[in-house]
Structure formats: C-alpha cells, structure tokens
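>>> Below are the sequence and a predicted model for it; my questions follow.
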Number of protein chains: 2
Amino acid sequence: MSVLKEINPNVKNLKQLASVVLAREASQINEELREGVRKPYKEVIDVSSGDPHRAGVKPLSFVRQVLAACTYPQLMDSTRLPVDVRQRAQRLLGECEGGSVGSYSADGSQLVSRISEFIKRRDGGIPSKPENIYVSPGSEWSFTSILKLLVNSKASPRTGVLTPVPCQSTAIMSIALLGAAVVPYHLNEEQGWELQVEELHRALESAKGVCNPVALYVINPGNPSGHVQSRKSMQDVIRFVSEKRLFLLADEVYQDCVYGEKSEFLSYKRVLSEMGPPLSDTVELASFHSASQGFLGECGLRCGYVELVNLDPPVMTYGYKMFSMESSVPVFGEIALDLMMNPPQPGDPSYPLYKEEIENIRSTVVQNVKRAVEVVNSLPGFCCQPVQGGGFLFPRLYFPPKAIQKAKEAGMQPDTFYCARLLQQAGVLIGPGCENGQKEGSHHLRFSIMTSEKTMEELLRRLTCFHSQFMKDFS
Amino acid sequence: MSVLKEINPNVKNLKQLASVVLAREASQINEELREGVRKPYKEVIDVSSGDPHRAGVKPLSFVRQVLAACTYPQLMDSTRLPVDVRQRAQRLLGECEGGSVGSYSADGSQLVSRISEFIKRRDGGIPSKPENIYVSPGSEWSFTSILKLLVNSKASPRTGVLTPVPCQSTAIMSIALLGAAVVPYHLNEEQGWELQVEELHRALESAKGVCNPVALYVINPGNPSGHVQSRKSMQDVIRFVSEKRLFLLADEVYQDCVYGEKSEFLSYKRVLSEMGPPLSDTVELASFHSASQGFLGECGLRCGYVELVNLDPPVMTYGYKMFSMESSVPVFGEIALDLMMNPPQPGDPSYPLYKEEIENIRSTVVQNVKRAVEVVNSLPGFCCQPVQGGGFLFPRLYFPPKAIQKAKEAGMQPDTFYCARLLQQAGVLIGPGCENGQKEGSHHLRFSIMTSEKTMEELLRRLTCFHSQFMKDFS
C-alpha cells in the first residue's frame, strides 16, 4: 500500500544523473580496494566534479587556521597561530551571535557590506549596494531561489529559461524540478564555445508555443565549456535580454579562474554599468558567486552569494522575504567566503605563505590545462577546444561506430559507456557530456582541471593507456 | 521596467514573519548600543529562536576540538588536544574525500551506517536500514524535500498537510511555498497541549472540498508547545493515519530534551514497530532529527537526517534521486551530527569533561524551565502549561482590552505589539505566538529555554519589570 497516489511529476520526471550512478560505483570499487581486492590501480581518481581538495589540491593555511581558531577559540591563546590569524578570528567570532560559530548565522549586515566592497574593488569602483546582496548555502541554492521568484508553477504555458549547451548539470535539474522548461541554446564549439547572439534568437524562436521564456542563463567563465566571454559578446547578450525583456542570470563562480593569455574576466554587472543608460538602469541581472569554486575550493563548507541589479523594489521585497525565511547559511561557509574576499595583505604575517600557496595553486592549474589539452588532443578521436577559464576540460570524442553500437546494446549513451569502462578498468571517474547537454550526435567528456600536479599526471597516464586499448577494442 | 510580469504566487503569498522584522530591529538596537547610544540595557537578549549558543550556552569542548583538528590537521601534532580527539579527527578526516573537510560531502555510507546504529540503540534494538536514511543540511531542508515528493503543485484541489497549532513557523512556510494547503489541527492547551485524535478527525473533515490532505505533520516533543506524547497518544495517531491513508511526518528534533518527570521520549518508528503488523508494515513515516536542536545546539553548522519507513520502493527511488541531486551537506555539520550520536564513552580521555559539560547543560535547562514557568505564571495575565520537553516556553497571555485596542491602532497583532515594546523598552527579543498559530482570540509568546542560567535570570528580570509596567500602562 502506498499513500502516495501521485508523486510530484516534477520529481518523477527527474532523470537519474549518470554521474550519481558512476559515483556510487566508484565508492564500491574503493571499498573493494580497501578490502584488499586486487585491481590495476590502488585508488580511484575522482575528477568528475569541480572539487579541488578531492583531487589533491591543498586547502589554504590562512583560511584553515582562522576557521580552526573560530571553532575552538582556546587556540587563540597559543602563539602557534600567526597574530593576524588570531586577530581575524577574534573579529569574525565577535560578529557571530553569542560568539559561537554554532549559532544561526547572524543577520549578515557586516558580511554583505564586505561583499559589496569586494564587488566594488573587482569592478573598478562601480558601486554595489549591500541591500542587493543575499548570502546563501552556495550558488546552486541562490540560483534555485531566484528561479523560485521567476517560475510560476501554475502558469500555462510553462515558464522557460534559456540555458546554454553545454551547461553544468545541477542548473538543468533545478530548472526542471521547479517545473520550468529548459530552452537550450548551443555554444559554438568550433569557435571555442563562443556564445553567439544569433543562436539566442533561434532558441527564443523555438520556444514559441511551447513555453514562456522569462530568463537567459549564462555561465562565464564557461562550465564545463571553459570559454571566457569578451566584452563585445557580453554587450550583445545584454542588448538581447533588454530587447526581449528577459531576466539575466549570470553564473560567475569561476571569475578567478582565467588562464587564456588574451582572456580577462569582466563581470556582467560591470559591462552593463559601463554601457550606460538606458540599459544600465533597466536590465535585470542576478550575478552568482561562491566559496566552492576557484582556488579557495571550500566546496564542503557551502556558501555563496547573489547580487541583484535593477530589480523592481516590490520584487526585492519578495526576494528578501524568501531569503530571510529560507536561508540558514552554514557559518563556516560564511567565514570562508569572507576570507576569500579579504585575504591577507602585504605586510601581514600570513601574507608570504598565503601568496606562495595561492600562486602555487594557480600555476599548477595553468600547467594542468596546458598538459591536459596537449595530451588529450594527441589521443586519436579526441578534439579539445582551447580552455580559457573555468574548472573543466570538455573535449569532444569521436567514437568508433563499434563503440556506439556496443553502448547501445548496453542501454547507455556512448560517453557514459566510455566513462563506466574507464572507471572499471583504469580507476578514473570523469563525467559524461550527456549530463551537460551536447549537440545531437556529438559526444564529450568532462573532467576537472583543479587538481594537484601529481593527480593530473596520473590521470593523463591512465587515460592515455585506457584510451588506446579502447580504440583498439572497438576499431 | 520589470521583466517579472508575474511573480510566483506561492512566493507572493508568503507572509513576512514578524520575527524577521523584530530581528532586524534588534540588530539596529545592538548597532546603536555599539555606537554608544544610552538605553536601559547594555545588549539585546535574543531568545526568539531555539539557538542555545546565542543565548549563552557553551559549545561542547569535545565537539569543537574534533572539528578544529579536522579543519587544520596540523593541530593533531600537538598534545594539547586529548588523544581520543585526535584519533576521532583522524578517522573522520579519513572518510572525507581527499582528506579535506573542504571537499563535497562523501557519499555518506559510513555516516548513514552510524546513524542507523544510533537509531537502533535508541529504539531498543528495532532495526534501522542505512538505505532508508538521508542526510541533509538540517531538518527544515529534509522536511521540504519530503514535501516535494508529496506535493503536486499542479493538482486541483491543492495538496493538503494536517499541521498542528501551534507549530514551528518554518514548517508552515515550507508548506505554503510549495503551494500546498495548511490544514490546521489544534493541540488542546488546557490539557497541556495534548494531541487529541477527535481534533484530527475534525480537521480532516474541514478539508473536504478545499484540498486533498495527503500527510499529517506531528512535532514531538512539541515545538513550541513543549508537550511530550504518551505511547497511547502516538498509537491513536498511527491508527488515524493508517485509516485515513495519510503519510506521517514526525518532527522529532527535540528527542533528547525531555524534562517532565513522568515523560519519556518514544520515537514514532519504535511505537509503530511495536504495534506489529499490519500497521508496522504499512504506515508510511518520515522521522526528522538534527544537530541544531538539543544539547549539542550546533545550529550554525547545518546538518540533519530523515529516516523513511515503509515507503514504496519506487517512491524511494524518486527520493534517492532528489536527495542525491540536491543535497550538498556541509561537512562540518556532518561531523557534528556524527559526534552527537557517538559521544565519548566511559574510559575515553575526553569522557569526564564531556559528561560534566552535557550534564551541566541539561541541569541548567531543567532549572530554566522550572524557574521560567514559575516566574511567568506569577505575572498577571500569563498562563503557562507545564513544559515536559522541547526548547521553548509558549505561555498564553490575556491582554487587557486597552492593549488590544492599541495594537489594532498600530496595525499589529497584540502579541507582536507586546514583543515590539519588550524589545524596545527592555532589550529582550522573543517571538509572538501569531507566527506559530493560535486559537482565534488567544495570544501567546514564545521564548527559548536553551540558555545559560545567567541569561535566563536576566531575561526573567527584564520581562517581570517590563510586564508590570505594560499592565499598568494598559489597564
């Protein structure tokens, strides 16, 4: 007997992510390895998600020292922690209710002020108002909250959101879970995953009679595509949303991760502002950032923020209501976000070590990108666009017809089939492109470049070895 | 110009919580106090939410030491931390991906196994299956997730959830935000807030033609009512949901907090199981627990779990999909939850201090309840039922007609009016009963009993003083 006569259809229609199934399989393999089962590898390398610490990147000492001192303030008596660490911890703890990180997060006025100062510095002095900033347990959470404002679950036709292909998979699911329609627009792979405005027009046209598009979602730097938009491209997007009266959702969580020599991160807020009125006063924008991505990489702490621009005051009121009722932000996450935006400065005792660590991570990632693109492009069937930013490589793989046939027999997409074999045979967990969306008939793989050098080298070694066998098996 | 032609009506219909407005006001007062503005008090006492650390309760040393060592593992080199702390931190860190609390939470198999062992111990040996347990960023989050399975936003008439009056306010809002209908049933205040099954029948009857009730929500120990259900009362509830084919949502987050001499916490899982077949095999139940409430009180870390009983396997599949895509649980919260369920044992170096601290908190809270009920009941107009468990006092206040008139003129509920004055004049932030629901024409106040002795005494002193002036002003 079930009292659930009818499960929520939005939940029912969710597709099980291939990567969830693969991750469970990876856990089982690791369990077997722990139990002493012999395999051609000693542990699974998991680079399917953008999780730097999981892939061997070390946490920043300054961040962890401050967090430890906030957790167990008795540590501040000891001179083992640098004086600026202790001062910072003291200050942050002073802002916690009852002086404890175990209290519900404080109303956040001090944190949002510091976020607004960070944004202002980042955007060359363009003002940012604290009252337009909401802190949350991560950018995915912020994204869903803004969608809840935009998506009317009872509307007919459904609300639609223009969404890039490829796209990070959690965004696609968040849209689906709210009962809205994903309206795909394709980034141009051959042009380095460029966002082309003609394609936005085509996508919008395709939605006619199907759904009612209210927003355009962009990810810059691209996830998992790795492109970085130019000012010109962003201006085109801004004019498009203004003309079509769409809300602009800008995922900018990889803003610190730009590697291309000619690339530069510009925020949508800045580009919009510098376009001047009437655009700068009218285009409605939400920009997302997080403590998980980038070189801080504290995914496990869960914190992010969204800055809202040009929203109608009554809409802001609803937003405020929703955020104030819904978000209890993990306090450790808030502290990490704060430290990310306000790292040690020259002259601080912690500065030399901080600088060394962060530059080390950056140069490792730059080197990883170079090495990975080089190696992958040297393998038969692979074709990887230049990676200018972000956290992933997303190479295309041209499968031999035999492999496509074999995958079909196994009831899998070819890319999932490849990932499942790679995991089993070589102990490498990467993500299949079908989760991110890809042009009909094309196939891709996704893996993180936020790894230690050692992890990347081992990953490329295993991939190279596996791939030549794979191509032999199916040629 | 707004592109938001139509805001999601579920969001639009959300009422702004009075306590959010009051909390903002409290922040402003504290800000003024910091700036040197003179008031008859030096700081605001905030006991509006069940947040122990905010109200002067000290975190448990063992928990904080383990967390600090996990955060900054270099601390494990020092003998400053007890050896069992270091061992525990080592083990927990070994379960984190990449050995860092900054990685996304691991697939949780080890944590859920330990939760299922905890449940089994708690329930006198009744088995608990790890695959029926989902960890989440707090019980509120788990509750909303289960609701997402149950509530079909497109159904007509709307899905309904039988909900106690009084009820913790976040649950009411979660139901509303998903577009479901709250079907109120009243706890019997005069009978110590007893849950009476005739009232459930009345409530269900009242929903006819209005909505389609699919679930009954119970809170035991009561929040904010402070009652603890007897086995007999729980059996009645179980028979009722079985007969009416309702899903049972059991909020049991205050399971450790029972003070009544004749009261005992029994889980719904246990009572159901001990009723035997066919009930024990058929009634669908979700039981919620959390690391925020109770004597651990780590609200800021954000972690909880839900155990599901007797769900159809296909429904479990949807649940699994939803939890696996949605929940990135804060890793610090997971660790706190783990430590709550597996505290130091006799013989461990940390045991004596742990035992002293936890007994200290417990006896303080027991004493707080006694003192607070005594003092409140001695004040004119107040009437407080015995508090057997939970985290709050929820006394009834009979307002003088003049006060009711004055509140009306100010556009406020009388209880909100009282809270606003209490905050302004005495620097005490408590919650108005209107947020929790109350019988038409009755008024209540809500405040936490999870405080230090000092905070409670000061709170009662300020309340007593304010109240006699209030009654004078409006008599």
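Sure thing, it's come through.
>>> which other residues reach the helix or strand hosting residue A:424?
The secondary structure element spanning residue A:424 is helix A:414-426 (assigned by DSSP states H and E). With C-beta atoms under 8 Å, 6 or more residues apart in numbering or on different chains as the contact definition, helix A:414-426 has outside contacts at A:18, A:22, A:25-26, A:29, A:40-41, A:44, A:397, A:399, A:403-404, A:406-407, A:410, A:412, A:428-434, A:443-445, A:462-463, A:465-466, A:469-470. All C-beta spots, glycine's among them, are computed from the backbone N, C-alpha and C.
>>> Which ones among those residues lie within strands?
A:397, A:428-429, A:431-432, A:445 (DSSP state E).
>>> which of those residues tops the neighbour count?
Within these, residue A:431 tops the neighbour count with 27 neighbours, counted by other C-beta atoms under 10 Å in any protein chain shown.
>>> Surely that residue is in contact with residue A:19?
Yes: here residue A:431 lies in contact with residue A:19, judged by C-beta atoms under 8 Å, at a distance of 5.0 Å.
>>> which residues are in contact with both of the two?
Among the neighbours of residue A:431, those also in contact with residue A:19 (C-beta under 8 Å, 6+ apart) are A:48-49.
>>> rewinding a little: which among the contacts of helix A:414-426 end up buried?
Buried members of the contacts of helix A:414-426, counted by 16 or more other C-beta atoms under 10 Å in any protein chain shown: A:18, A:22, A:25-26, A:29, A:44, A:397, A:399, A:403-404, A:406-407, A:412, A:428-434, A:443-445, A:462-463, A:466, A:470.
>>> For the residue lying closest to residue A:194 once chain neighbours are set aside, grab the count of nearby residues.
In this structure, residue A:194 finds its nearest non-sequential neighbour in residue A:188, 4.7 Å apart by C-beta to C-beta, 6 or more residues apart in numbering or on different chains. Other residues near residue A:188 come to 14 when the count uses other C-beta under 10 Å.
>>> Which pLDDT value goes with residue A:188?
Looking at residue A:188, its pLDDT is 98.
>>> and stretch A:131-144, how far apart are its ends?
20 Å (C-alpha to C-alpha, to the nearest Å).
>>> actually stretch A:146-157, not the one I wrote
The first residue of stretch A:146-157 is 20 Å away from its last residue (C-alpha to C-alpha).
>>> Stretch A:248-257 too?
22 Å.
>>> Tell me which helix or strand residue A:249 sits in.
Residue A:249 is located in strand A:247-251, with elements delineated by DSSP H and E.
>>> distance between that strand and the chain's centre?
In terms of C-alpha atoms, centre = their mean, to the nearest Å, the centre of strand A:247-251 is found 14 Å from the chain centre.
>>> strand partners of that strand, parallel vs antiparallel please.
Sheet partners assigned to strand A:247-251 using DSSP bridges are listed as strand A:211-219 (parallel), strand A:285-290 (parallel).
>>> And the ones in strands among the contacts of helix A:414-426, which two are furthest apart?
Of all pairs drawn from the ones in strands among the contacts of helix A:414-426, the one with the longest distance (C-beta to C-beta) is A:397 and A:429, at 16.4 Å.
>>> For the stretch 251-400 of chain A, which residues are neighbours of chain B?
A:282, A:284, A:297-302, A:311-312, A:315, A:318, A:321-322, A:324-326, A:328-333 (C-beta under 8 Å from any C-beta of the partner chain).
>>> among those, which are in helices?
Helix and strand membership here follows DSSP state H; of these, those in helices are A:282, A:315, A:318, A:321-322, A:324-326, A:331-333.
>>> Can you name the two of those residues that sit furthest apart?
In terms of C-beta to C-beta, those reach their longest pairwise distance at A:282 and A:332, which sit 38.3 Å apart.
>>> So for the two, which sits in the more crowded spot?
Remark: of residue A:282 and residue A:332, residue A:332 carries more neighbours, 29 against 14, as counted by other C-beta under 10 Å.
>>> Can you name the residues that contact the more buried one?
Taking C-beta under 8 Å, 6+ apart as the definition of contact, the neighbours of residue A:332 are A:67, A:70-71, A:101, A:301, A:303, B:300-301, B:330, B:332.
>>> Run a quick neighbour tally on whichever residue of the stretch 301-450 of chain A sits closest to chain B.
Of the stretch 301-450 of chain A, the residue with the smallest distance to chain B, taken as C-beta to the nearest C-beta, is residue A:331 at 3.6 Å. Neighbour count for residue A:331, taken as other C-beta under 10 Å: 31.
>>> now swap in residue A:312 and tell me
A total of 14 residues lie near residue A:312 under the criterion other C-beta under 10 Å.
>>> just the one 3 residues further on next, same as before
Neighbouring residues of residue A:315 were enumerated by other C-beta under 10 Å; the total is 20.
>>> go on, the one 3 residues further on?
Residues contacting residue A:318 under the criterion other C-beta under 10 Å number 21.
>>> And for residue A:79?
Neighbours of residue A:79 (other C-beta under 10 Å): 8.
>>> Could you check what's spatially nearest to residue A:107, not counting adjacent residues?
Excluding the flanking residues, the one nearest residue A:107 by C-beta to C-beta, 6+ apart is residue B:27, at 5.0 Å.
>>> just checking, that neighbour touches residue A:95?
No: with contacts defined as C-beta under 8 Å, residue B:27 does not count as touching residue A:95, sitting 11.3 Å away.
>>> Are there residues contacting both of those two? Which ones?
Taking C-beta under 8 Å, 6+ apart as the criterion, residue B:27 and residue A:95 do not both touch any residue.
>>> how about the strands of chain A, start to end?
Assigned strands in chain A, in chain order: A:45-46, A:133-136, A:158-165, A:181-186, A:211-219, A:247-251, A:285-290, A:304-309, A:382-383, A:392-393, A:396-397, A:428-429, A:431-432, A:445-448 (criterion: DSSP E).
>>> How far off centre is the fifth one?
Just to be clear, that refers to strand A:211-219. For strand A:211-219, the separation from the chain centroid amounts to 18 Å (computed by C-alpha atoms, centre = their mean).
>>> same question, stretch A:414-421
For stretch A:414-421, the distance from its own C-alpha centre to the chain's C-alpha centre is 23 Å (C-alpha atoms, centre = their mean).
>>> count of neighbours near residue A:394?
The burial count assigned to residue A:394 is 25, neighbours taken as other C-beta under 10 Å.
>>> Show the contacting residues for it.
In this structure, residue A:394 makes contact with A:166, A:193, A:224-226, A:384-385, A:433, A:436, A:444-446, judged by C-beta under 8 Å, 6+ apart.
>>> ok, it to residue B:76 distance?
As defined by C-beta to C-beta, to the nearest Å, residue A:394 lies at a distance of 39 Å from residue B:76.
>>> try residue A:336
Distance of residue A:336 to residue B:76, computed by C-beta to C-beta: 21 Å.
>>> Between the two, which is the more surrounded one?
Neighbours around residue A:336 and residue B:76, counted as other C-beta under 10 Å, are more numerous at residue A:336. The numbers are 27 against 17.
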